[in-house]
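Take this sequence and fold it.
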Amino acid sequence: MSVSLDSLSQLPIDGKLKTLSDIKVAVLGNDKEKQKLITQFKALKTILLNESNTTLLQDAAIIIQSFSYLKKNIDFLIDNNVVEILIISTVKHQDALAEINFRTLIDICASSSVSILNLLDFEENGLRLIEVIHNILSGPSTKQLLFNTCILIPFIKSCKQLTKLYKPLMKKLSIAISSAFKTVLNLNNSVHDHKSFENCTKSITIPEPPPEHTLDLLCDEVSPMLYALSHLIEVIHSELSVSLTLPQPLYYTLTSFLNAYNLNIKLSAINVLVQYTKHFMKSALKETSYLKLAPSLVSLISRMKDSNELDNSLNSNYRLTKKMAPIYLLSQIAEDNAHVSEYLVEISFFEKIAGIITSSYSHEQKFLDEKSLYKISDSLLILSCIGGLKENYRELVIKYDVAPIITDSLGRHIEIHKELSSTTPNANEELILKLSNRITLSSCYLLRSLSRSASLLRTYLVELNLVDLLIEILKIPETSIKDCSPELQHDEVLLKSVALGIISNLVMEFSAVAQDLASDDLSKILREFIYYSQYDILRLNALLVIRNSLFGDFYSFRENFEKAVTIEKIFDLCYDPNNLIKEQCFNIFRNLSVSSSNYANHLVSYFPNSPAAKKYGDATFLDFLLKHVSQSTSTEVTLAINYIIVHLAASNVENRSLIMCNDALLRQLLKLLEPTPAIESRATTALEINDENEEEEDQWKIKLSVVWIIINLTWKEETSNSDSEAEDGSEDHSLDYEAMEIDEVDNSSASSQYTKYLSSKYRAHKLIDIGFYDAIKLLNSICTISDFKERARTAIFHLVLYDTNNQSN
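Prediction:
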């Protein structure tokens, strides 16, 4: 190439046009000629920013675009601030440059660490580019311009301004897909019977698609719009508090595409339906939709012999984000609905997923390419969903050699952080951290699923030697990523929270590695999270570790966790605005109260003189519980508090008497037994409770806990030599014990005000007078839940027994 860009600015317009045209011809398809332009590249940027001649602008844009064809040139383009230049020049010269520049932006985003284009970083020019896209979607445009526009949209980071693209895109899509809808309607419905169409959201049956040659003709027009639509549906969900309903003709047509062989038609339709189902379909319809999507995703993945085959089968113009890959989509629907994982086990597809991991990774590998990393990460996440369901599924998972990738990913992530600990990560280092976080997080999700197994806690998980790795993950300082993107910071916090979730299972009494975790290292980490972390999810899971560590008689844990948190801090956190944190704190007290009568007494006697009592104005521990159960808006918080009372009532007669003396508490418990309108309505129709009515199911759980309290309050002391035979009423056995310093209590005398209620007879009389007998009897007559009815009959028997005894005296 003898021509040069250096003197271009001094030439007349004809000279500029000829020079640039000659350079364009020379560099297209010739990488050596491109390299000669590197030192003169600034002149191309100047043309895009300062020139107005359409031909000149387009030739310069094409030359720049030619650099994006090869991945090795992408970093050069980014370093030369080409992304901003492309955005500014497109805004200034939409008609001349949008088609070319959008293609270049797509190539840059698909091949670099700039995988998501944050237009808000470019301030006014970024917002104006969204207007350019809106104009293209709203008006007439060439096929290639529309294609490039739609393929670019999924690479744009979610922002509220992007939601305005939904309406013009839907208008264009409805026109493009109308003929396909008519074909699908005629193929699957008769003139007088449109049931297939009318029931399409409720039916598991997938309608027959248009003929394959028709889909091939539609593909390049419709598929890009569907990829764009899938992204906009996700954006609307994250940015707007609105409901969204796809037009039924569109939904019906897209479900027919699930049976298409054309890759882009099938995959683009799946992307739309996954996002729509996940974010906007009613829960009652979700399962049906997912069970239509799962086989289609399985068929796509089955067509891949390796990670690149699907990409190579797509038209090269389709550059898709990683979130549009079939394995990623399958991991998302498996995570959102357990029936998908059940289906994968039924058809033995988990073997294919495990095979993807084992064939793509070996312990000796020093480097994992980005595509393989995403593929392995998504596969690990699918296995974690399967393993999280049943014990026998976990046994299936560990038959495959996935252990090396799990332990190696944790170890490498720790090493990467150590290497970067003394510097602020640059763009490439942040990308390395991001990719490492992704595979490590997926590994930890799988570990968390496996750690739910009592048997694996004594075998498989012991052999992995996880304790030190998990502790090191938790030790990574938050300051090491303080200058990184908010997304990476979020992902690193999430990784630590999942690691805490694993540890909360590993510390259970029946775990063979539990004793290894009774260390100063862990107690210091937990204290740091509970007292100082700005992230609720870390505080929450640190409390969960404490809760689970108190299962059984591990006194070493109690000693160590005294260093992690004081009982006063737990009292204080019961006032936290986050209901999940409240729930964990009350569950710690719940399990303290069940551990032994001494601990129950400690709580009752310690509280009145505690700083929390003075700070929040609660006279007694029971008043403290009353305040919170009265104000509770959370089923789980209410249940935790009620089961504390259950255990107090089971602990000894003195605590039963104290509860009986608290009229306000008893009336609040009676209020919890009142039938809700939904329960009363169901009583008149005599229908069974089902999983779809979660609110009603939660109400029965609360009512059951109150019935347990009544059973324990009416426990007849003279039938036993000790109070320990009173029932604890726990509906689950994952109870924990506390390890905090509590002063001993003197129980040698009882206050005269509750002497009367040391007698079970008088306790029963009062409970009947207040209305518990009538309330429980009414609920027993309308409830269809066998567990509740059994406990209700026990409570009624106790109350009637004591009342009869009283009358006979």
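
May I have the residues that are in contact with residue 209?
Residue 209 sits next to 184, 215, 256, 257, 258, 259, 260 when contact means C-beta atoms under 8 Å, 6 or more residues apart in numbering. C-betas here are computed from N, CA, C, even on glycine.

Which elements pack onto the helix or strand encompassing the second one?
Secondary-structure assignment from DSSP states H and E places residue 215 in helix 212-239. For helix 212-239, the contact count by 3 or more C-beta pairs under 8 Å, 6 or more residues apart in numbering; DSSP states H and E identifies helix 143-152, helix 166-188, helix 263-280 as packing neighbours.

ok so, going back, between the contacts of residue 209, identify the one with the most neighbours.
Among these, the one with the most neighbours (other C-beta atoms under 10 Å) is residue 257, at 30 neighbours.

Could you find the closest non-adjacent residue to that residue?
Leaving aside its sequence neighbours, residue 257 sits nearest to residue 269 (C-beta to C-beta, 6 or more residues apart in numbering; 3.7 Å).

Verify the contact between the one you found and residue 258 for me.
Yes. Counting by C-beta atoms under 8 Å, residue 258 is a contact partner of residue 269 at 6.3 Å.

picking that back up, now the helices and strands packed on helix 212-239 as JSON lines including distance to residue 10?
Converted to JSON lines, the helices and strands packed on helix 212-239 look like this (distance: least, C-beta to C-beta, whole Å):
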{"stretch": "helix 143-152", "distance to residue 10": "34"}
{"stretch": "helix 166-188", "distance to residue 10": "44"}
{"stretch": "helix 263-280", "distance to residue 10": "48"}
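
May I see the ones you listed arranged in a markdown table, with mean pLDDT as well?
Output for those, formatted as a markdown table (pLDDT from 0 to 100):
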| stretch | mean pLDDT |
| --- | --- |
| helix 143-152 | 96 |
| helix 166-188 | 96 |
| helix 263-280 | 96 |
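
Which of those has the highest mean neighbour count?
The highest average neighbour count among those, using mean count of other C-beta atoms under 10 Å, belongs to helix 263-280 at a mean of 23.

counting contacts, what elements does it pack onto?
By 3+ C-beta pairs under 8 Å, 6+ apart, helix 263-280 packs against helix 212-239, helix 248-257, helix 283-302, helix 326-336.

Same list (those) but as CSV, adding mean pLDDT.
Output for the helices and strands packed on helix 263-280, formatted as CSV (pLDDT from 0 to 100):
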stretch, mean pLDDT
helix 212-239, 96
helix 248-257, 97
helix 283-302, 94
helix 326-336, 96
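
So for residue 395, which of these sits nearest?
Counting by C-beta to C-beta, residue 395 lies closest to helix 326-336 out of these; the figure is 18.5 Å.

Pull the closest one out as PDB, backbone CA atoms only.
Extracted C-alpha coordinates of helix 326-336, given in PDB (Å, rounded to 0.1, in the frame of the first residue of the first chain):
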ATOM      1  CA  PRO A 326     -28.700 -23.100  25.100                       C
ATOM      2  CA  ILE A 327     -26.800 -24.400  28.100                       C
ATOM      3  CA  TYR A 328     -27.100 -21.100  29.900                       C
ATOM      4  CA  LEU A 329     -30.800 -20.900  29.200                       C
ATOM      5  CA  LEU A 330     -31.300 -24.500  30.500                       C
ATOM      6  CA  SER A 331     -29.400 -23.600  33.700                       C
ATOM      7  CA  GLN A 332     -31.800 -20.600  34.200                       C
ATOM      8  CA  ILE A 333     -35.000 -22.600  33.800                       C
ATOM      9  CA  ALA A 334     -33.700 -25.400  36.000                       C
ATOM     10  CA  GLU A 335     -32.800 -22.900  38.700                       C
ATOM     11  CA  ASP A 336     -36.300 -21.400  38.500                       C
END
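
Just want the angle from it to helix 263-280.
Counting by axes from the mean of the first three to the mean of the last three C-alpha atoms, to 10 degrees, helix 326-336 lies at 20 degrees to helix 263-280.

Give me the contact list for helix 326-336.
Here helix 326-336 has contacts from 267, 270-271, 274, 277-278, 286, 290, 293-294, 297-298, 300-301, 304, 310, 322-323, 340-341, 344, 356, 374-375, 378-379, 381-382, 385-386, using C-beta under 8 Å, 6+ apart.

what does stretch 241-258 give?
Against stretch 241-258 from outside (C-beta under 8 Å, 6+ apart): 170, 173-174, 177, 180-181, 184-185, 188, 197, 200-201, 206-210, 215, 226, 233, 236-237, 265-266, 268-270, 272-273, 276, 279-280, 292-293, 295-296.

What is the three-state secondary structure of residue 203?
coil (DSSP: H, G, I helix; E, B strand; the rest coil).

Might one say that it is in contact with residue 285?
No. With contact defined as C-beta under 8 Å, residue 203 does not reach residue 285; the gap is 10.3 Å.

out of these two, which sits in the more crowded spot?
Neighbour tally, residue 203 and residue 285, criterion other C-beta under 10 Å: the higher count belongs to residue 203, 15 against 12.

Distance of that one relative to residue 45?
As judged by C-beta to C-beta, to the nearest Å, residue 203 and residue 45 stand 56 Å apart.

so what are the domain limits for the protein?
8-157, 595-808 (automatic domain parsing).

Determine which of the ones you listed approaches residue 563 most closely.
Proximity to residue 563 (C-beta to C-beta) singles out domain 595-808 among the domains of the chain, at 9.3 Å.

For the helices and strands packed on helix 263-280, please prepare JSON lines with the additional fields distance to residue 147.
Converted to JSON lines, these look like this (distance: least, C-beta to C-beta, whole Å):
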{"stretch": "helix 212-239", "distance to residue 147": "5"}
{"stretch": "helix 248-257", "distance to residue 147": "18"}
{"stretch": "helix 283-302", "distance to residue 147": "22"}
{"stretch": "helix 326-336", "distance to residue 147": "22"}
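
between those helices, which one is nearest to residue 648?
Of all these, helix 283-302 comes closest under C-beta to C-beta, at 37.1 Å.

got the CA positions of the closest one in PDB?
Extracted in PDB, the C-alpha atoms of helix 283-302 (Å, rounded to 0.1, in the frame of the first residue of the first chain):
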ATOM      1  CA  SER A 283     -46.700 -19.200  38.600                       C
ATOM      2  CA  ALA A 284     -49.600 -21.500  37.700                       C
ATOM      3  CA  LEU A 285     -48.500 -21.400  34.000                       C
ATOM      4  CA  LYS A 286     -44.700 -21.400  34.500                       C
ATOM      5  CA  GLU A 287     -44.300 -25.100  34.900                       C
ATOM      6  CA  THR A 288     -46.200 -25.900  31.700                       C
ATOM      7  CA  SER A 289     -44.100 -23.300  29.800                       C
ATOM      8  CA  TYR A 290     -40.800 -24.600  31.100                       C
ATOM      9  CA  LEU A 291     -41.700 -28.200  30.400                       C
ATOM     10  CA  LYS A 292     -42.300 -27.100  26.700                       C
ATOM     11  CA  LEU A 293     -39.000 -25.300  26.700                       C
ATOM     12  CA  ALA A 294     -36.800 -27.900  28.300                       C
ATOM     13  CA  PRO A 295     -37.100 -30.600  25.500                       C
ATOM     14  CA  SER A 296     -36.200 -27.900  22.900                       C
ATOM     15  CA  LEU A 297     -33.100 -26.800  24.800                       C
ATOM     16  CA  VAL A 298     -32.100 -30.400  25.200                       C
ATOM     17  CA  SER A 299     -32.400 -31.000  21.500                       C
ATOM     18  CA  LEU A 300     -30.300 -28.000  20.700                       C
ATOM     19  CA  ILE A 301     -27.600 -29.000  23.200                       C
ATOM     20  CA  SER A 302     -27.700 -32.600  21.900                       C
END
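
quick one: buried residues of that helix?
The neighbour-count check on helix 283-302 (16 or more other C-beta atoms under 10 Å) flags 286-294, 296-298, 300-301 as buried.

gap between that helix and the chain center?
19 Å (C-alpha atoms, centre = their mean, to the nearest Å).
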